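>>> pasted the sequence and its predicted model underneath.
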Amino acid sequence: MPILAVVLTVGVIAALTVLAPRLNDSRQASAETSSSPSADPLDASASASPSASSGPLPKFTTLEAPPAIDKAPKKPKIDPCAVPRNLTVMTFNIKGGRVSPGELGGIAGVIRSSGADVVLLQEVDRNRRRSGNVDQPAIIASHLGMQSVFGANDYITDRGGYGNAILSRFPIAESGNTHLPNSDGKEQRGVLRANIIVQGQRLVVFNTHLDHTSDSLRQAQIGAVMAKVNAYDGAKILGGDLNSGDGSGVLSTALSSLTDAGASLGPSHDGGGRVDYLLPNSWLEAGDGRVTPTSLSDHHAVSIDFSMRGAEDC
């Protein structure tokens, strides 16, 4: 019994300890509630005395309407013709780059001295035994600080092959290679395309190397090439080794929608003929051009300065 009494006493003391602060808080909250004004204006109005409600209403300051907001100024239109994009384009058949890998720097030197920004290379090897099993376009581009894309038309090994390449100082956004019509026993040819972004504007570059044995096959091939070229809008240029001279049917087909920017430059081959071309559309205006003979190939490097318009009607 004494133990039970002690337990009950301790319990009562503990309960009073817990409940006492809550009772004090409750009394304080009741006092604060009764002394504070009602948060609801309707309640305050209902509890106010009749004499208070008959007094004058408070005066409110009348705010003037804010001034009219002017329309946001329109962004000025950018004149696409005001700032032409200047660039130099080169086409160069490097004859398979049949020099040692160390001498690929010589080809890069020809390109560098021309100041070319975009380069179209034909007869390019990639991982072929005859040229040292190296990636020629990547090596040449590395000498120049350029980007490169490669289109294999003849797959010599499963690692690479033989075809065309495009190098660019400007970003290459996208590219693709298309094989051209062919005949049994003939070397497979192709057209390599690269979408190049020149100071925010797209330039579509096409690089090809047509058959050198059959005019009828070349005619079929240039027809397929022009179908690709004409499928794109905007600034574009076709270049490469067409294996055709001035006044040929191949050149006439190409000039149906393009222009001959190097018509006055003269021969581009050791044999004395002109077979290497740069053919822009009306978005590009040709400036100075140069033909650079070199011992690195039987073809000369052909480079032309262009001013690329920002719109067709500039």
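Now that the structure is in, tell me what you want to look at. Residues are numbered from 1 along each chain as shown.
>>> by mean pLDDT, flag the weakest helix or strand of the protein.
Using mean pLDDT, DSSP states H and E, helix 41-47 stands out as the lowest-scoring helix or strand of the chain, at a mean of 42.
>>> count of neighbours near Ala173?
The number of residues packed near Ala173 is 10, by other CB atoms under 10 Å. From N, CA and C alone the C-beta is placed, and that goes for glycine too.
>>> that one: which element?
Assigned by DSSP states H and E, Ala173 falls within strand 172-179.
>>> distance check, the residue nearest to the spatial centre of the chain against Asn195.
To find the centre residue of the chain, average its C-alpha atoms and take the closest one (CA atoms, centre = their mean): that gives Ala173, at 4.1 Å. With the distance defined as CB to CB, to the nearest Å, Ala173 ends up 5 Å from Asn195.
>>> can you list residues touching both of those two?
Contact criterion CB atoms under 8 Å, 6 or more residues apart in numbering; residues shared by Ala173 and Asn195: Arg202.
>>> correct me, but Lys221 touches His212?
Wrong residue type there; residue 221 is Gln, not Lys. No. The criterion here is CB atoms under 8 Å, and Gln221 misses it with His212 at 11.1 Å.
>>> if you count surrounding residues, which of those two has more?
Remark: of Gln221 and His212, Gln221 carries more neighbours, 26 against 15, as counted by other CB under 10 Å.
>>> so that one: helix, strand or coil?
helix (DSSP: H, G, I helix; E, B strand; the rest coil).
>>> so what's it up against?
Applying CB under 8 Å, 6+ apart to Gln221 gives the contacts Leu180, Pro181, Arg189, Thr208, Leu210, Asp211.
>>> next: Arg309.
The neighbours of Arg309, taking CB under 8 Å, 6+ apart as the test, are Pro80, Cys81, Pro84, Ala235, Trp283, Leu284, Glu285.
>>> quick one: low-confidence parts of the stretch 201-314 of the chain?
Low-confidence segments of the stretch 201-314 of the chain (pLDDT under 70): 312-313.
>>> for it, what spans make up the strands?
Assigned by DSSP state E, counting those that start in this stretch, the stretch 201-314 of the chain shows strands spanning 201-209, 235-241, 276-280, 284-292, 301-308.
>>> so in that sheet, which strands flank the shortest one, and in what orientation?
Sheet pairing for strand 276-280, assigned by DSSP bridges, gives strand 235-241 (antiparallel).
>>> and Tyr232, how far from Val205?
For Tyr232 relative to Val205 (CB to CB), the value is 10 Å.
>>> what's the answer for Asn93, then?
16 Å.
>>> same question, Tyr277
Remark: distance between Tyr277 and Val205 (CB to CB) = 13 Å.
>>> now do Ser295
Distance, Ser295 to Val205, using CB to CB: 27 Å.
>>> repeat that for Lys95.
21 Å.
>>> more neighbours: these two, which one.
Per other CB under 10 Å, whichever of Lys95 and Val205 has more neighbours is Val205, with 24 against 16.
>>> run through the residues that contact the more buried one.
Val205 makes contact with Val89, Val118, Leu120, Ile166, Ser168, Arg193, Ala194, Asn195, Ile196, Lys236, Ile237, Gly239 under the criterion CB under 8 Å, 6+ apart.
>>> ok, Gln139 touching Leu104?
Not quite, residue 139 is Ile, not Gln. Yes. The criterion here is CB under 8 Å, and Ile139 meets it with Leu104 at 5.0 Å.
>>> residue boundaries of the helices in the chain?
Here the chain has its helices, by DSSP state H, at 2-35, 41-47, 50-53, 104-114, 136-144, 215-229, 249-254.
>>> who touches both of Tyr277 and Val205?
Gly239.
>>> against Ile94, how distant is the closest residue to Ile140 other than its chain neighbours?
Counting by CB to CB, 6 or more residues apart in numbering, Ala108 is the residue found nearest to Ile140 once chain neighbours are left out, at 5.0 Å. From Ala108 across to Ile94, the span is 11 Å (CB to CB).
>>> measure the residue nearest to Leu87 when sequence neighbours are not counted to Leu203 for me?
Counting by CB to CB, 6+ apart, Leu87 lies nearest to Asp117, which is 4.4 Å off, once chain neighbours are set aside. Distance from Asp117 to Leu203, counting by CB to CB: 10 Å.
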